[in-house]
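Visitor: With the input below, show me the fold.
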Amino acid sequence: MSINTNKIFSQSRNFEGYIEVSSDNFLSPSRFMFIFDTPELKNLSFHCQTITLPSVSLPNVETPYLQMSAQYSGDHLSFEPFDATFMVDENLKNFNLIFQWLKDQALRNTLLKRDLTLMLYNNANIISHKINYIGAFPTTLSPISLASNLSTNQVMASSVSFSYDYYEFERIGL
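Guide: Residues are numbered from 1 along each chain as shown. Have a look, this model is predicted:
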């Protein structure tokens with residue numbers, strides 16, 4: 001059986017239209033925050049120390065045939081959790097929000113989903129991208145460690161993990 005390589009190579013060239021050569025302005029790894037897209041939480045922001053943009057995968061499907069198997073692309077994306085370490089405000093508002101959200105889900109035995117937006121800033125401190133996490137809900141909230149021997153300039157932090165339905169990128173400007 002012969003394979004028509006011209007057809008394969010011409011199909012792969014179709015991706016060239018999607019490739020855009022970037023300038024030397026790279027994504028800043030240190031300017032970001034996230035907010036919830038609900039009216040009651042619009043003014044509460046989470047200034048983060050670290051965020052892990054989740055991986056996404058398209059699991060393959062193996063189809064057996066005689067003594068061989070063929071690999072095909074799956075039909076659904078799988079998203080890893082969105083993890084963030086945020087700076088806890090003095091009044092514990094942001095920590096308490098996540099705690100109450102987890103507690104409400106457990107007491108009501110109902111999944112309470114909200115959309116959240118991760119905002120990425122460029123070198124001029126202007127929002128350049130938004131990543132919208134649709135149908136997000138917290139699954140884990142880490143403890144806050146308090147110690148009398150810590151510096152008063154040290155900011156307390158906590159980590160949170162969110163599961164969500166999917167995410168979308170939104171380019172701001174340009």
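
Visitor: for the helix or strand hosting Ala136, packing partners?
Guide: Here Ala136, judged by DSSP states H and E, is contained in strand 127-141. Judged by 3 or more C-beta pairs under 8 Å, 6 or more residues apart in numbering; DSSP states H and E, strand 127-141 is in contact with helix 93-108, strand 114-121, strand 157-163, strand 166-171. Any C-beta I mention is one placed from the backbone N, CA and C, and that applies to glycine too.

Visitor: 10 Å instead, please
Guide: If contacts are counted by 3 or more C-beta pairs under 10 Å, 6 or more residues apart in numbering; DSSP states H and E, strand 127-141 sits against strand 32-36, strand 82-87, helix 93-108, strand 114-121, strand 157-163, strand 166-171.

Visitor: Quick one: closest of these to Tyr72.
Guide: Taking C-beta to C-beta, strand 166-171 is the member of the helices and strands packed on strand 127-141 nearest to Tyr72, at 21.7 Å.

Visitor: ok, and for that closest one, which residues are buried?
Guide: Of all the residues in strand 166-171, those buried under the rule 16 or more other C-beta atoms under 10 Å are Tyr167.

Visitor: Stretch 79-89 too?
Guide: Under the neighbour-count criterion of 16+ other C-beta under 10 Å, stretch 79-89 has 81-84, 86, 88-89 buried.

Visitor: How far does it stretch from one end to the other?
Guide: 29 Å (C-alpha to C-alpha, to the nearest Å).
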